[in-house]
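Asks: sharing a model that was predicted from the sequence below.
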Amino acid sequence: MNWLKALASWFLRSKWDQRLQLIAFAVTFVVIVLGILLWDTLITLSTGVTYPGIFVHSLVGSGAIFVPIPSIASVCAGGWLLDLNPLVVALVAASGEVLGELVGYVAGFGGGMFINRWKIFQPMRNWMRSRGTIALFVFALIPNPLFDILGLMAGGLRYPLYRFMIVVWIGKVLKNLAVGYACIYGIETVINSL
């Protein structure tokens, strides 16, 4: 119990930035622990390819840092197999993906004191401020696992959270819309040509 008092005392005496780092670390830790404890429930929810299933699958797929979980498959299956509206599928999947990407952002934010000490990140801070919006949009638009690194860097370099979420959401909506329509028309074209 003394450690809890010591932590509360430190928290009240610390600077605002240090408090945010502790909160970011705690949120990341809780999300990871809940993800591990509730893994079976999340998998059960995501196997039903409906709008909530697509949301959960996209959330888990984006929140699993550096672990490839193909949430694009649920976007493809939602539009092609179940005849769900591709625009709604794209909006739902993008919303889940943006919330999942917050895990990387928060982890980077919590580790910001370590990232800011590395000399390599000093020029990247200016680059992120001047070109971060374009980089986030392009990397969100293209399906790739490197977005996790960019999300960590954005959090560590204190890229504005509201801008991060808006830019990434727009990129993910366009990506999921393209994937959804490509699956619908691409698979139908292949089936019809056989």
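Replies: Structure's in. What do you need?
Asks: and the nearest residue to V173 once chain neighbours are set aside, backbone torsions?
Replies: Spatial nearest neighbour of V173, excluding adjacent residues (Cβ to Cβ, 6 or more residues apart in numbering): A94 at 4.2 Å. Placement of C-beta: from N, CA and C, glycine included. The phi/psi pair for A94 (degrees, to the nearest 10) reads phi -60, psi -40.
Asks: wait, A94 sits on W169?
Replies: Yes: judged on Cβ atoms under 8 Å, A94 makes contact with W169 at a distance of 5.4 Å.
Asks: what's the biggest helix in the chain, counting residues?
Replies: Longest helix in the chain, counting residues (DSSP state H): helix 161-193.
Asks: by contact count, what packs against that one?
Replies: Helix 161-193 is packed against helix 72-80, helix 86-110, helix 121-141, with contacts defined by 3 or more Cβ pairs under 8 Å, 6 or more residues apart in numbering; DSSP states H and E.
Asks: just to revisit the earlier point, which ones are touching the residue nearest to V173?
Replies: 58, 169, 172-173, 175-176 (Cβ atoms under 8 Å, 6 or more residues apart in numbering).
Asks: ranking the residues you listed by neighbours, who comes first?
Replies: Among the contacts of A94, N176 has the most neighbours (other Cβ atoms under 10 Å), with 31 neighbours.
Asks: in this structure, which helix or strand is least confident?
Replies: helix 39-47 (a mean of 56; mean pLDDT, DSSP states H and E).
Asks: that one: what's the following helix or strand?
Replies: helix 51-63 (DSSP states H and E).
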